[in-house]
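# can you look at this prediction? I've put the sequence above it.
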Number of protein chains: 2
Amino acid sequence: MAKSSIHDVAKAAGVSIMTVSRAVRGVNGVSEATRLRVLEIAKTLNYVPNGNARALATTGSNMIGISLPTLFNDVFADVLLGMRRTFQQAGYDSVVDTTDYSSDGELQFIERILQWQPLAVILTGVDHDETVRARLPRANIATLELWDITDHPIDFCVGIDHREAGVALGRHLVEKGYRAPAFIGAPAGKDTRADKRVEGLVEAFRAAGGRTLRRISVSDDNAFISGYTGFEQIDRDRRPDVVLFLNDHMAFGGLMRAEQEGLRVPDDIGIVGFNELAITKVLPRRITTMSTPRRQIGLVGARNLLARLNGVTVPEKTILPCTLVPGQTTRAQ
Amino acid sequence: MAKSSIHDVAKAAGVSIMTVSRAVRGVNGVSEATRLRVLEIAKTLNYVPNGNARALATTGSNMIGISLPTLFNDVFADVLLGMRRTFQQAGYDSVVDTTDYSSDGELQFIERILQWQPLAVILTGVDHDETVRARLPRANIATLELWDITDHPIDFCVGIDHREAGVALGRHLVEKGYRAPAFIGAPAGKDTRADKRVEGLVEAFRAAGGRTLRRISVSDDNAFISGYTGFEQIDRDRRPDVVLFLNDHMAFGGLMRAEQEGLRVPDDIGIVGFNELAITKVLPRRITTMSTPRRQIGLVGARNLLARLNGVTVPEKTILPCTLVPGQTTRAQ
DNA sequence: AGTGGAAATGATAACGATAACTTTTTACGG
DNA sequence: CCGTAAAAAGTTATCGTTATCATTTCCACT
């Protein structure tokens, strides 16, 4: 069964292609009788409108391109969840791609997606290759930057203040008496959001006269494993009193390793995660973490984008609040 | 800066549009000098070829559509990992979408993706809406079914034998003396792969004269949480001696709940997962599970698909082996 | 029956690229 | 300096659809 075009349907139905076009789009200008007949024939012929021709003729698709660093992180799955559903209900198609945290990957995504004349582009974070900005003239393509914020977004952004989150976390730990922090996560420069949180941490600890934060980089794809192996790399002679992880899954991996090494948590060492991922809800001891409004970021981002597409002006910068979640993996006092 | 077409570039460069077309595609028939000049101008004009027009003119894109049930499952992230990289290196674009385990969602995916004249389509599982098969005439669109297997694939399939995995797991547990199994997972009919595993389990336990398997359905998006809440629903008066979960994350959630209820694992109750997800590698006690070759499924699938696209005949059915991983959450004897 | 106007239908020209063919230019040997 | 083949560049038709405008059909009302 070869693929049939609007032409074939028209011929089979004995009408012009315009009538078929109108019938399948459900627009006005066809009698109910012919519409039904045309749709009937279209179905038997297995007719599927050619999106390329359609997009070409109407100059512009209804597609929204979404770029994420990775799918191996519940954070982005969460963000995506609210978003895609919203777009779909509004009649837009969305296409997701991953960059594996490389700005080059992001650039490639942009180049690929722009070929399809998208209506909008959604990027993760606010730090991009210089070329990316140049390629996204806000006049033509609505651009949403998610998960991080900046005073000078390409178009507009919705996210959390990572630096501030780092500061808040750091101050909390300082209050609890911690003075020698370590951070385990992606290498500096890879995940710029994490870098900003680390900056905030450093500031908070420095203000309290604490020891310089030690940073340990790990690279395994999987968070549990990299948390575990990251913890192994801690210098046993100058052991930190608290270890902060890129996220809760890594923190859990680290926690497992700590216990295996015979360290008592939180007495010997504190463990801190980030994001308040679902796993923390099932553990007997809550991990100290920072709750981030991921679902909401997706929702607000999507809604703002829809508004923006309909010509409504939206705020350039939307900051959503995080909440500190004290747990039992850091000292009570 | 308005978007510019091949026309604008041609005019600016003082050549015909064909020359621009050849230059940007890097095909033969343009002198090195003009090519450079054209590319230079194209760059300054911010020219991006219109993929829609291109696909229309060449009748057919280089796009591969991938349908997955969800991104909230490391299994599919794993499968995807090897696949997309392979496609990208081979010069194909891939587009991922999720169905949330609904066959209607899958159908919608098909309808959407077919508009873009994809080169190939990748589906998860082998059980589809009747319409899906009709829409995918293997002559036109290569179709790969992943993660499950069947004797009559739409085109060809690469996966594991879920029923057999269930039987193997069941036999192992029977050997260990278990006779009263329960399964906690998605409602029957939602995840057909899980259903097949359950079938296998039922068979194995029945053959040993065990109690009928109890099935508990949970629906939370998150595996840790649904494992936890699923375990709560266990009938305390007729407690099973072993609980099998849809996957290791759910098993971990269940394990946490069991311990909170004061049950000793494995003495009071056995806990079994599936997939050997990364978290199992960091736990002090290994969860009894079944290791599945997810990465390999992605790789083999992708390679076969590439071969298929180049006219090579590939096997209709490729079964990859699973490995039982006995752990400490079931009795040793 | 005749007429005006709305509804239904059709014809034609884009949309932005590529394929296939034709024409012009270049290069080189005699 | 000519002839000729190869390389470079251009012309035209086409892909499948939609926008726009032109035409036909259908009714309701005088």
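Here it is on my side, so go on.
# stretch A:97-116 near DNA strand D at all?
No - Stretch A:97-116 lies out of reach of DNA strand D by CB under 7 Å from any atom of the strand, never closer than 14.8 Å. In short, each C-beta sits where N, CA and C put it, glycine included.
# now do the contacts for A:Arg22.
For A:Arg22, the contact set (CB atoms under 8 Å, 6 or more residues apart in numbering or on different chains) comprises A:28-30, A:35.
# with A:Arg211 instead?
Shown in contact with A:Arg211 (CB under 8 Å, 6+ apart): A:179-181, A:205, A:240.
# quick one on the thing from earlier: run through the contacts of A:Arg22 and flag the ones next to DNA strand C.
Among the contacts of A:Arg22, DNA strand C is touched by A:28-30 when using CB under 7 Å from any atom of the strand.
# quick one: A:Phe87 is in a helix?
Yes - counting by DSSP: H, G, I helix; E, B strand; the rest coil, A:Phe87 is part of a helix.
# isn't it up against A:Ala302?
Yes - applying CB atoms under 8 Å, one finds A:Phe87 in contact with A:Ala302, separated by 6.2 Å.
# so which of these two has more stuff around it?
A count of neighbours by other CB atoms under 10 Å in any protein chain shown puts A:Ala302 above the other of A:Phe87 and A:Ala302, at 27 against 21.
# from B:Ile225, how far out is that one?
From A:Ala302 across to B:Ile225, the span is 24 Å (CB to CB, to the nearest Å).
# pipe the ones next to DNA strand C among the contacts of A:Arg22 into a markdown table and attach secondary structure and pLDDT per row.
Output for the ones next to DNA strand C among the contacts of A:Arg22, formatted as a markdown table (DSSP: H, G, I helix; E, B strand; the rest coil; pLDDT from 0 to 100):
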| residue | secondary structure | pLDDT |
| --- | --- | --- |
| A:Asn28 | coil | 92 |
| A:Gly29 | coil | 90 |
| A:Val30 | coil | 94 |
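# list buried residues within the residues you listed.
Buried by 16 or more other CB atoms under 10 Å in any protein chain shown: A:Val30, out of those.
# how far away is the residue nearest the centre of chain A from B:Arg236?
Geometric centre of chain A, nearest residue: A:Phe76, 4.0 Å, by CA atoms, centre = their mean. With distances taken as CB to CB, A:Phe76 is found 39 Å from B:Arg236.
# likewise for A:Gln328?
With the distance defined as CB to CB, A:Gln328 ends up 28 Å from B:Arg236.
# the two: who's more crowded?
Neighbour totals were compared for A:Gln328 and B:Arg236, and A:Gln328 leads with 15 against 7 (other CB under 10 Å).
# now do the closest residue in space to the more buried one that isn't next to it in sequence: how many residues are near it, please.
Spatial nearest neighbour of A:Gln328, excluding adjacent residues (CB to CB, 6 or more residues apart in numbering or on different chains): A:Arg285 at 4.1 Å. Each residue near A:Arg285 was counted by other CB under 10 Å, and the total is 13.
# state whether A:Arg285 is indeed within a strand.
No - assigned with three-state DSSP, A:Arg285 falls outside any strand and is coil.
# coming back round to it: pretty sure the residue nearest to the centre of chain A sits against A:Pro69.
Yes - using CB under 8 Å, A:Phe76 is in contact with A:Pro69, at 7.0 Å.
# what sits closest to A:Pro293 if chain neighbours are left out?
Distance criterion CB to CB, 6+ apart; nearest residue to A:Pro293, sequence neighbours excluded, is A:Leu320 at 4.6 Å.
# neighbours of the one you found, how many?
Using other CB under 10 Å, A:Leu320 has 16 neighbouring residues.
# then A:Ser61?
21.
# top of the contacts of A:Arg211 by number of neighbours, please.
A:Pro181 (27 neighbours).
# contact partners for A:Arg215?
A:182-185, A:188, A:198.
# can you give me the helices in the stretch 201-333 of chain A?
A:223-232, A:248-260, A:294-309 (DSSP state H, counting those that start in this stretch).
# for A:Ala332, which of the ones you listed is the nearest?
Among the helices of the stretch 201-333 of chain A, the nearest to A:Ala332 by CB to CB is helix A:248-260 (17.1 Å).
# can you point out the buried residues in the closest one?
For helix A:248-260, burial by neighbour count (16+ other CB under 10 Å) applies to A:248-258.
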